[in-house]
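# Just the structure for this:
(one chain, ligands or ions: 1)
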Amino acid sequence: MAVLGTRDVAAVVREKLAAGTLPCNAPTKMWVGNGSGRSCDACGQPITPTDIEYEPDFADPSVQVRFHQKCLDVWHQWRARGV
Ligand SMILES: [Zn+2]
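Just a heads-up that it's a prediction; the model follows:
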């Protein structure tokens, strides 16, 4: 399986922000824990138990996303630019 580089993740994150698939508002809370094998909402790869999973909480509880640490960083970068 191909592993996306940071640059590709940035492109995917930008597209998802533009499409509204990823939220562009700031989270109200952030849950951090070990991965549970579910897919990262940025790169689409599973977040394995050896990875740290970041799960931002939003004012709207229907918005549920989770990220790898590096993908969270990319999301924050592009979210802050208001794409
Ligand atoms: Zn990821």
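
# Spell out which residues of the protein are next to the ion.
Counting by Cβ under 5 Å from the ion, the residues of the chain close to the ion are 40, 42, 43, 68, 71. C-beta: built from backbone N, CA, C; applies to glycine.

# From those, list the buried ones, please.
Taking 16 or more other Cβ atoms under 10 Å as the criterion, what is buried in the residues of the chain next to the ion is 40, 42, 43, 68, 71.

# Now flag whichever of those is closest to residue 4.
residue 43 (4.9 Å; Cβ to Cβ).

# doesn't residue 5 make contact with the closest one?
No: if you go by Cβ atoms under 8 Å, residue 43 and residue 5 don't touch, sitting 9.6 Å apart.

# The residue lying closest to residue 27 once chain neighbours are set aside bridge partners, please.
Take residue 27 and drop its neighbours on the chain: the residue closest to it by Cβ to Cβ, 6 or more residues apart in numbering is residue 56, 3.3 Å away. Counting by DSSP bridges, residue 56 forms beta bridges with residue 30.
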